[in-house]
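**Student:** below: sequence and its predicted model.
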Amino acid sequence: MSCAGCFQVDSTLKIDDNGAVIMKNKILGEPYIASIIEKSKDNIIKNYPNAKIKPASEGGYTGYEIEMFFQSVEEFAANNFEMFQARPGKCNGIQVSNGWFYNSYTFDLLIERDKDIDREDFSMAFAQSLLAQGKFDLIIELPNAAESSNADYMSNDGTVLRWNLAPALIRGQSKTVQVNFRIYNNVRIAATFFLVLIIVAGIIYNLSQAKNREHGNKDIGHQ
């Protein structure tokens, strides 16, 4: 039995320009860790019965792709996913600041391994040894380039951010995930621009009318 990787997990958070969130978790592994993958899938179904689940495979690995939809970042945050929760004195979780033209979002996360994995029993130690070479990435796809982040990798002009979480979730280290980004309210921007145009047009019209009256008064004076 080899373990040149054993498994891989890609957790992707796609945030649309309207603020909707699609969370996709792809969990793949070699056949002899199928029971671990099944348990992960079953836990997600139990907690999120509306999740869409389909079989997936890649490079000899098999498993599942699990998709969940949320109407907004705020709704996503309210679901209290452990990875995204605030921890007093350690991290602030997901914070939202609402504005007229845009909303600002800050993710301040601390990724640590579950303490239950540190139990000293044979089955847990065996599972940990199997997963020691695994891959676990968090990917955040944004509608606009991030204002700031500590991502391990960035692509697509700063709109796709990737963090390697394996050291924290598998090998007992900790990892901070930080990103600040904006979602622009295009309806309000367009409405404000239209209102400004109306105001400017009104000012220009009034100035033009005033000049015409002034010229009219001068002509009467010359007569």
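**Tutor:** Ah, there it is. Numbers count the residues shown, from 1 in each chain.
**Student:** could you use CA atoms for every contact and neighbour count after this?
**Tutor:** Will do.
**Student:** and after the lowest-mean-pLDDT helix or strand in the chain, which helix or strand comes next?
**Tutor:** Within the chain, confidence by mean pLDDT, DSSP states H and E is lowest for helix 122-131 among all helices and strands, at a mean of 46. For helix 122-131, the following helix or strand on the C-terminal side (DSSP states H and E) is strand 135-141.
**Student:** please parse the chain into its domains.
**Tutor:** Split into domains by automatic domain parsing, the chain comes to 7-184, 186-223.
**Student:** state the mean pLDDT of the shortest one.
**Tutor:** Read it as domain 186-223. Here domain 186-223 scores 67 as its mean pLDDT.
**Student:** still on that earlier bit, among the domains of the chain, which is the most enclosed?
**Tutor:** Neighbour counts (mean count of other CA atoms under 10 Å) averaged over each of the domains of the chain peak at domain 7-184, with a mean of 16.
**Student:** quote the end-to-end distance of that one.
**Tutor:** Its first and final residues considered, domain 7-184 spans 38 Å by CA to CA, to the nearest Å.
**Student:** what of stretch 76-90?
**Tutor:** Using CA to CA, first and last residues of stretch 76-90 are 21 Å apart.
**Student:** now the helices for the protein?
**Tutor:** For the chain, helices defined by DSSP state H occupy the ranges 34-47, 73-78, 122-131, 166-169, 186-222.
**Student:** read off the pLDDT value for the nearest residue to residue 24 once chain neighbours are set aside.
**Tutor:** Computed as CA to CA, 6 or more residues apart in numbering, the closest residue to residue 24 that is not its neighbour in sequence is residue 67, at 4.4 Å. If you check residue 67, the pLDDT there is 94.
**Student:** now do the contacts for residue 67.
**Tutor:** When contacts are counted by CA atoms under 8 Å, 6 or more residues apart in numbering, residue 67 touches 22, 23, 24, 25, 51, 52, 53.
**Student:** state the distance from the closest residue to residue 51 other than its chain neighbours to residue 25.
**Tutor:** In this structure, residue 51 finds its nearest non-sequential neighbour in residue 68, 5.0 Å apart by CA to CA, 6+ apart. Using CA to CA, we find residue 68 at a distance of 9 Å from residue 25.
**Student:** next: residue 15.
**Tutor:** 15 Å.
**Student:** ok, now residue 156?
**Tutor:** To residue 25, residue 156 is 21 Å away according to CA to CA.
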